[in-house]
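# Compute the structure for the input listed below.
(one chain, ligands or ions: 4)
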Amino acid sequence: KAKGAGRASYVYFDDSMTAQVQNDAELIHDLARAAELSQLKLVYQPQIDLGSGRLVGVEALLRWEHPKLGLIPPLRFIPLAESRGLMGEIGLWVLTESCRQWARWHERGLDVGRVAINVSATQFRGGRGLEQMTEIIDSGIAQPAALEIEFTESAFVDAGQETLAWIAALRERGVHFAIDDFGTGYSSLIMLRQIQADKLKVDREFVKDMLTDPNDAAIVHATVSLAKTLGMVVVAEGIEEAEQADYLRVIGCDVGQGYHFARPMDAEEILARYASGPSS
Ligand code: C2E
Ligand code: MG
Ligand code: MG
Ligand code: MG
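Ligands and ions are numbered 1, 2, ... in the order given. Okay, here's the model as predicted:
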């Protein structure tokens with residue numbers, strides 16, 4: 001932070017700048033207690049069926065509301081949490097909180113489909129995170145039919161046999177798995193075959209310029225048809241324009257997610273927007 005500037009100067013930074021300026025050690029220190037102080041929260045981004053326009057799922061996205069620094073984005077603090085071994089605990093909180101929220105929506109008459117949660121590389125490695133997930137399902141807090149686990153190719157590359165075994169066991173019980181940010185990690189077709197994921201999410205990086213860049217369009221096309229051939233549902237991330245949604249629907253992409261449809265929002269906003277009949 002700026003030397004000698006004093007606390008009040010924080011208000012002159014925007015959130016993202018402040019979080020960058022703040023040094024890692026301080027953030028790590030605060031992060032260790034963020035969960036118990038209820039500073040972590042989840043926002044939910046709708047996933048929309050491109051054919052019918054209906055809500056078919058939500059992705060839970062982590063936020064840290066720091067009392068001094070404001071909202072800190074996940075890409076700023078998750079790597080720190082991972083490096084300090086805090087991600088396991090945070091990940092379990094994400095899992096239980098999103099499943100409880102799913103149940104609250106249901107009690108109030110809203111079927112959101114599945115709630116997708118992101119699982120980091122360290123949660124995946126050695127299968128420990130997935131084992132804990134299994135325990136939480138056993139305890140009745142998390143319902144397999146409510147759950148979808150998103151993981152990246154990079155997380156999977158590190159994963160061993162145990163991880164594969166836990167994935168298979170969880171799938172057997174009805175949990176879905178989605179490969180996130182597809183095409184940006186260490187893609188391998190062997191991996192695709194091994195995992196047998198239910199869903200594949202095309203990264204925003206390719207969707208962004210797809211309508212003007214023929215190379216991006218080709219990558220999106222190839223990815224959609226590969227995934228469909230393997231029997232997976234395809235989700236496109238980062239859809240910001242109606243034209244992108246139309247194009248994706250025409251080439252056979254099933255589901256869309258992005259600011260064009262909705263930004264990530266509070267659980268209450270999800271309810272307000274989708275509980276009363278057809279989506280709008
Ligand atoms: P992700 O899983 O690929 O999530 C999608 C990100 O794209 C989210 O950023 C979302 O807000 C953003 N996004 C959605 N639609 C649009 C759009 O139309 N345009 C643009 N420009 N962006 C869009 P967010 O929430 O900042 O999360 C960033 C990443 O942090 C996530 O990427 C995920 O990898 C990670 N993350 C978030 N929550 C968790 C969590 O609970 N656990 C773990 N392990 N990772 C998480
Ligand atoms: Mg994700
Ligand atoms: Mg993603
Ligand atoms: Mg992404």
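# tell me the contacts of the nearest residue to Phe151 once chain neighbours are set aside?
Across the structure, with Cβ to Cβ, 6 or more residues apart in numbering as the measure, the residue nearest Phe151 apart from its sequence neighbours is Val119 (5.0 Å). All C-beta spots, glycine's among them, are computed from the backbone N, C-alpha and C. For Val119, the contact set (Cβ atoms under 8 Å, 6 or more residues apart in numbering) comprises 91, 129, 149-151, 155.
# Val119 and Leu55, how far apart?
Note on Val119: its distance to Leu55, by Cβ to Cβ, to the nearest Å, is 23 Å.
# Likewise for Pro79?
From Pro79 to Leu55 the distance is 31 Å (Cβ to Cβ).
# Those two - which one has more neighbours?
The residue with more neighbours, out of Pro79 and Leu55 and counting by other Cβ atoms under 10 Å, is Leu55; that gives 21 against 13.
# doesn't Pro46 make contact with the more buried one?
Yes - under the criterion of Cβ atoms under 8 Å, Leu55 makes contact with Pro46 at 5.4 Å.
# Beyond the lengthiest helix in the chain, next helix or strand please.
When every helix of the chain is counted residue by residue (DSSP state H), the longest turns out to be helix 87-107. The C-terminal neighbour of helix 87-107 among helices and strands, as given by DSSP states H and E, is strand 114-118.
# tell me which residues in that following strand are buried?
Of the residues in strand 114-118, those with enough neighbours to count as buried (16 or more other Cβ atoms under 10 Å) are 114-118.
# same thing with stretch 76-85?
By 16+ other Cβ under 10 Å, the buried positions in stretch 76-85 come out as 76-78, 80-82.
# Now narrow those to whatever sits close to ligand 1.
With the criterion set as Cβ under 6 Å from any ligand atom, the members of the buried residues of stretch 76-85 near ligand 1 are Ile78.
# Show me the buried residues of stretch 76-85 that map onto helices.
With helices defined by DSSP H, the entries of the buried residues of stretch 76-85 inside them are 76-78, 80-82.
# Can you show me the strands along the stretch 51-200 of the chain?
Along the stretch 51-200 of the chain, counting by DSSP state E, counting those that start in this stretch, strands occupy 55-66, 70-72, 114-118, 147-152, 176-182, 199-202.
# model confidence over the strand or helix carrying Ala218, on average?
Of the helices and strands defined by DSSP H and E, Ala218 is found in helix 214-229. Summarised as a single mean, pLDDT over helix 214-229 is 96.
# Give me the contact list for it.
Contacting residues not belonging to helix 214-229 are listed as 182-183, 192, 200, 202, 206-211, 233-234, 236, 248, 251-253 [Cβ under 8 Å, 6+ apart].
# so where's the stretch 151-280 of the chain shaky on pLDDT?
Along the stretch 151-280 of the chain, segments meeting pLDDT under 70 span 187, 277-280.
# List, one by one, the residues from the stretch 1-150 of the chain near ligand 1.
Residues of the stretch 1-150 of the chain lying near ligand 1 (Cβ under 6 Å from any ligand atom): 45, 61-62, 73-75, 78, 94, 118-120, 150.
# related to what we said a few turns ago, now that we have the buried residues of stretch 76-85, can you turn them into JSON lines and tack on pLDDT and distance to Ser38?
Listed next are the buried residues of stretch 76-85 as JSON lines, based on pLDDT from 0 to 100; distance: Cβ to Cβ, whole Å:
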{"residue": "Arg76", "pLDDT": "92", "distance to Ser38": "19"}
{"residue": "Phe77", "pLDDT": "94", "distance to Ser38": "16"}
{"residue": "Ile78", "pLDDT": "94", "distance to Ser38": "18"}
{"residue": "Leu80", "pLDDT": "92", "distance to Ser38": "19"}
{"residue": "Ala81", "pLDDT": "92", "distance to Ser38": "16"}
{"residue": "Glu82", "pLDDT": "90", "distance to Ser38": "22"}
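# between the buried residues of stretch 76-85, which is nearest Lys41?
Lys41 has its nearest neighbour among the buried residues of stretch 76-85 in Phe77, at 12.9 Å by Cβ to Cβ.
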